[in-house]
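>>> this is the structure alone, sequence omitted:
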């Protein structure tokens, strides 16, 4: 495994090393987000292809290599999987049905997508949608409960 402070020197060697060291963990992370092994494996491939194309734009000196890789993957998943049903990102080129979102009410989807995918705070979102912040927090908690229940099955 790469040492936390080890600098990634050459693109080809670095991507290969990153794959060897972190692909299994990254696949587990993607599986948690998507919930389907085959689709998660496809996304893992897409993420590493994108990583090869964008290698020099990633700041590898900010935190650990795993954190940088996970941050990149999360951004890529947000592009691919802003999901169905009202959770569409701007400039989305791919869409993936999200089984978790299908179980949520429209209000829970709105809260979850804006906070999880668009990185808004509960206070920001409460102001935007003109709802009490406590209600936003309650709906977000309900959305996570739905996701947990779905993953238990």
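Perfect, I can see it now. All of these numbers come straight from a predicted model, not from anything done at the bench.
>>> low pLDDT regions in this protein?
1-13, 34-36, 78-98, 153 (pLDDT under 70).
>>> pick out the residue closest to the middle of it.
residue 74 (3.3 Å; CA atoms, centre = their mean).
>>> look up how far residue 130 lies from that residue.
Distance check for residue 74 against residue 130: by CB to CB, to the nearest Å, it reads 29 Å. C-beta coordinates here come from the backbone N, C-alpha and C atoms, glycine included.
>>> again with residue 58
38 Å.
>>> out of those two, which sits in the busier spot?
Set side by side, residue 58 and residue 130 show more neighbours around residue 58, with 15 against 6, by other CB atoms under 10 Å.
>>> what segments of the protein are helices?
Assigned by DSSP state H, the helices in the chain fall at 11-34, 37-54, 65-80, 99-102, 106-112, 122-129, 133-152.
>>> measure how the longest one sits relative to helix 65-80, angle-wise.
For helix 11-34 against helix 65-80, the angle by axes from the mean of the first three to the mean of the last three CA atoms, to 10 degrees is 60 degrees.
>>> could you give me the buried positions within helix 11-34?
Using 16 or more other CB atoms under 10 Å as the test for burial, helix 11-34 gives 14, 15, 17, 18, 22, 26, 27, 29, 30, 31, 33, 34.
>>> next one: the fifth one
Buried residues in helix 106-112, counted by 16+ other CB under 10 Å: 108, 109, 110, 111, 112.
>>> from the chain's centre, how far out does stretch 115-132 sit?
18 Å (CA atoms, centre = their mean, to the nearest Å).
>>> what residues does residue 19 make contact with?
residue 48 (CB atoms under 8 Å, 6 or more residues apart in numbering).
>>> can you tell me how far it is from residue 150?
29 Å.
>>> and residue 27, by the same measure?
Counting by CB to CB, the gap from residue 27 to residue 150 is 19 Å.
>>> likewise residue 22?
Residue 22 sits 26 Å away from residue 150, taking CB to CB as the criterion.
>>> likewise for residue 61?
Relative to residue 150, and taking CB to CB, residue 61 is found at 38 Å.
>>> who has more neighbours out of those two?
Per other CB under 10 Å, whichever of residue 61 and residue 150 has more neighbours is residue 150, with 13 against 10.
>>> nice, that's everything, thank you.
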